[in-house]
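Undergrad: one predicted model, sequence on top.
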Amino acid sequence: MMNYIFDIDGTLTPSRLPINPDFEIFFKNWIKNKNVYLVTGSDKEKTIEQIGLDIWNSVTRAYQSCGNQVWEKGQLIKENAFHIPVKLRQHLTTKLENSLWKEKFGNHFEQRVGLVNFSIIGRNCTQQKREEYWKWDEKNSERIEICNTIMDLFPNIEASVGGQISIDIYQKGGNKAQVLNDISDPICFFGDKMEAGGNDYPIAERLIAEKREHTLFKVKNPNETWDLLKKI
Ligand code: M1P
């Protein structure tokens, strides 16, 4: 039986925003009698806020914090601990002070289970500032540069770009690809950040490297996911 894996931000919903209500109705029906897994860098509370408790409880498994916390039908089944080392925190604080993006809104470090989410603009920014930073970062590649520097300086730590304004930081190997340890083939994977450096990349890379039976759907936005699902 096919196993369907979905990223959330940028794939099922716009980043940090609720799912389109019509897509929500469609998706609720579509997942019935299918093996469906959600894999996001985000935490349980934000995920439920965006896709609703009904979908979250109906899927086969929900992997939060890039798979560092796992939920099955509302039951917690696994979690890993992770806290950033003091030296990395100092390094990121310096990045925050020296960034060419000058507007800061607070909540720059968000501790999650098994993951720390870091944002130069700060998670307290408005939707408008979020969009502005996203466009600025696309031209300036600040987040990619921060991730690469973290991995050069701290070989036991991994960092990846997810969503619009932040990066996810976790123990080396604590990336989204860990979900493949307990999901069997064949697999269809839907994600918007499958390029190197993106937080969906480790899943795509491992499926290819291990010659697993799979199909990758690299989408630009939730509407594209919806269109693809109408054809499946
Ligand atoms: O899934 C990765 C990230 O997606 C969103 O990121 P941002 O806020 O940068 O758009 C958020 O859901 C974030 O929590 C998550 O880690």
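TA: Structure's in. What do you need?
Undergrad: contacts and neighbour counts: CA atoms only from here.
TA: Noted.
Undergrad: buried residues in stretch 85-105?
TA: Leu92, Leu96, Lys104 (16 or more other Cα atoms under 10 Å).
Undergrad: repeat for stretch 52-65
TA: Under the neighbour-count criterion of 16+ other Cα under 10 Å, stretch 52-65 has Ile55, Trp56, Asn57, Ser58, Val59, Thr60, Arg61, Ala62, Tyr63, Gln64, Ser65 buried.
Undergrad: show me where this protein has its helices.
TA: For the chain, the helices defined by DSSP state H occupy 21-30, 44-51, 53-58, 86-98, 127-140, 142-153, 201-209, 222-231.
Undergrad: quick one, which of those is nearest to the ligand?
TA: Closest of these to the ligand is helix 44-51, at 6.7 Å (criterion: Cα to the nearest ligand atom).
Undergrad: that older thread, farthest pair in the buried residues of stretch 52-65?
TA: Ser58 and Ser65 (19.0 Å; Cα to Cα).
Undergrad: need the helices of the chain in TSV with mean pLDDT and distance to Ile183, can you?
TA: As requested, those are exported to TSV (pLDDT from 0 to 100; distance: least, Cα to Cα, whole Å):
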stretch	mean pLDDT	distance to Ile183
helix 21-30	98	19
helix 44-51	98	20
helix 53-58	98	17
helix 86-98	98	33
helix 127-140	98	32
helix 142-153	98	27
helix 201-209	98	11
helix 222-231	97	20
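Undergrad: now render the ones you listed as CSV, adding distance to Phe118.
TA: Below are these laid out as CSV (distance: least, Cα to Cα, whole Å):
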stretch, distance to Phe118
helix 21-30, 29
helix 44-51, 16
helix 53-58, 25
helix 86-98, 8
helix 127-140, 14
helix 142-153, 10
helix 201-209, 19
helix 222-231, 24
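Undergrad: in CSV: these, plus distance to the ligand.
TA: Converted to CSV, the helices of the chain look like this (distance: least, Cα to the nearest ligand atom, whole Å):
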stretch, distance to the ligand
helix 21-30, 18
helix 44-51, 7
helix 53-58, 15
helix 86-98, 15
helix 127-140, 8
helix 142-153, 10
helix 201-209, 12
helix 222-231, 13
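Undergrad: what's the closest of these to Leu180?
TA: helix 201-209 (7.5 Å).
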